[in-house]
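Colleague: Following is a predicted model, sequence given first.
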Amino acid sequence: MGLYDGAADGTPSSTADVAAALAAPVVLVVDASAMSASVAAVVRGYRDHDERLRLAGVVLNRVGSAGHEQLLRDALDELGMAVLGCLRRDDALAWRDRHLGLVPVAEDPSAVRASLGRLAARVAAGCDLDALVAVARSAPALPVGDVALPDRVGRCRIAVAAGPAFTFAYRDNLDALEAAGAELVPFDPLADTALPEGTDGLIAGGGFPEVFGEALAANAPLLARTRAAVAAGLPTWAECGGVLGLADRLDGRPMVGAVPTEGDPRRPHRARLPPGRAALRHAGRAGRHRAAGPRVPLLHLRAGGRRRAAHQPVRRAGGRLRHPPAARHLPAPPRRRRPVTGGRLRADLRRGEGGRRPARRSRGGDPDGRPRPRGLLSSSRRSARAPATRPLRCRSATT
């Protein structure tokens with residue numbers, strides 16, 4: 001995400017919003033691999049887009065050569081923008097990533113340490129570290145209050161899935177639980193064969209369980225005990241990868257079986273559910289889960305074993321339409337445009353503006369295009385004996 005990217009509804013959430021709230025200077029890292037003088041236009045746009053920000057300088061990234069660097073510096077000199085560093089294009093600095101973001105550090109710590117070592121050496125050689133530190137120290141000191149935490153209400157013991165397969169957690173949530181009196185006990189689903197003793201609740205956070213599917217499926221004792229505990233009423237909170245870990249199967253391998261769904265990472269945004277079970281597909285994950293309320297993020301709804309678009313109304317007996325309550329707030333997905341060929345072209349030519357088919361003039365109707373009343377020999381519908389290629393005659397727009 002870039003400097004100004006944040007929540008679509010305008011809620012302050014971008015890096016620019018944070019910098020403005022802290023009155024902190026901004027150092028812009030620019031991918032200059034495919035530009036020279038254009039870098040001045042890019043930097044000027046970032047500098048002037050929000051008057052709250054103080055752009056203190058730039059670091060040029062993925063620069064091709066010494067000559068390329070000089071062209072970039074000359075362009076920024078005319079803008080009066082300080083260049084605080086320059087990093088050459090180097091495949092050894094390419095960061096590891098895959099679907100849904102970066103590869104977690106816990107999956108390969110040694111590779112991360114080696115990558116950070118190479119990056120640190122390049123930064124030390126190509127950037128003015130003293131100038132960067134001076135820019136950082138120019139941010140003013142701001143008074144802050146204590147973090148709001150809940151009051152202590154009791155005692156309980158909550159097991160938290162951790163280890164390489166479940167590395168994502170919101171620290172603020174865990175701090176709030178501890179402040180309320182919870183004892184958080186991490187456990188590793190790859191190694192531990194049972195939930196921590198005396199568990200009163202379970203948290204299965206985010207991660208990439210599909211990467212460790214074989215090892216998770218091989219831990220049959222933990223899967224069986226967790227399944228039994230959840231079925232017996234153990235309070236359980238799961239999100240993102242944790243939902244997949246609690247599913248029936250993941251990539252064809254058995255999981256806990258507490259959520260009646262199957263995940264398939266090879267087919268993003270897809271999952272299989274038993275017929276007749278309504279389900280919601282969460283954006284960006286390869287699994288489905290049941291709706292928790294009318295505002296649950298929703299892409300598609302399946303009911304009675306039949307899939308339909310979430311925004312599509314359901315037709316009741318008698319012809320009335322009923323909109324799914326969990327989908328009313330969602331915009332309709334964009335329509336796919338098919339190639340305009342053959343009969344489709346003829347159909348489009350017969351349509352009026354806005355893509356709607358105009359009213360058809362009935363054969364045998366009045367000269368002004370008004371159809372005769374129903375029940376007469378000449379119906380307002382096309383005759384079954386009429387040739388399929390006969391063009392439709394449209395009522396004039398100026399009657």
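Modeller: The structure has been received and is ready for your questions.
Colleague: alpha carbons only for contacts and neighbour counts from here, please
Modeller: Will do.
Colleague: which residues touch the closest residue to Ala176 other than its chain neighbours?
Modeller: Among residues not flanking Ala176 along the chain, Leu149 sits closest, at 5.7 Å (CA to CA, 6 or more residues apart in numbering). With contacts defined as CA atoms under 8 Å, 6 or more residues apart in numbering, Leu149 is in contact with 175-176, 179.
Colleague: Out of the residues you listed, the closest to Gly64 would be?
Modeller: The shortest gap between Gly64 and any of those belongs to Asp175, at 46.3 Å (CA to CA).
Colleague: Can you check the pLDDT for that closest one?
Modeller: Reading off the per-residue confidence, Asp175 sits at a pLDDT of 95.
Colleague: Am I right that it sits in a strand?
Modeller: No - residue state for Asp175 (DSSP: H, G, I helix; E, B strand; the rest coil) corresponds to helix; a strand is not indicated.
Colleague: Against Gly242, how distant is it?
Modeller: Computed as CA to CA, to the nearest Å, the Asp175 to Gly242 distance reads 20 Å.
Colleague: Those two - which one has more neighbours?
Modeller: The residue with more neighbours, out of Asp175 and Gly242 and counting by other CA atoms under 10 Å, is Gly242; that gives 21 against 14.
Colleague: list the contacts for that one?
Modeller: Going by CA under 8 Å, 6+ apart, Gly242 touches 166, 204-207, 209.
Colleague: Which member of the residues you listed is positioned nearest Arg52?
Modeller: Taking CA to CA as the measure, Arg52 lies nearest Gly206 of the contacts of Gly242, at 35.0 Å.
Colleague: Wait, that closest one touches Ala169, no?
Modeller: Yes - with contact defined as CA atoms under 8 Å, Gly206 reaches Ala169; the gap is 6.5 Å.
Colleague: May I ask which helix or strand of this protein has the lowest mean pLDDT?
Modeller: Among the helical and strand segments of the chain, the one scoring lowest on mean pLDDT, DSSP states H and E is strand 300-303, with a mean of 30.
Colleague: So which other helices or strands are in contact with the helix or strand that Val59 is a member of?
Modeller: Element membership for Val59, per DSSP states H and E: strand 55-63. The contact analysis (3 or more CA pairs under 8 Å, 6 or more residues apart in numbering; DSSP states H and E) places strand 55-63 against strand 26-31, strand 83-88.
Colleague: Just the angle for the helix or strand just after it relative to strand 83-88, thanks.
Modeller: The first helix or strand that comes after strand 55-63 along the chain, using DSSP H and E, is helix 66-79. Using axes from the mean of the first three to the mean of the last three CA atoms, to 10 degrees, the inter-axis angle of helix 66-79 relative to strand 83-88 is 160 degrees.
Colleague: could you show me where the helices are in the stretch 1-150 of the chain, in order?
Modeller: Counting by DSSP state H, counting those that start in this stretch, the stretch 1-150 of the chain has helices at residues 15-22, 38-49, 66-79, 109-126, 129-137.
Colleague: which one of the ones you listed lies closest to Ala161?
Modeller: In this view, those are compared for proximity to Ala161 by CA to CA, and helix 109-126 is the closest at 19.3 Å.
Colleague: Appreciated, that's everything.
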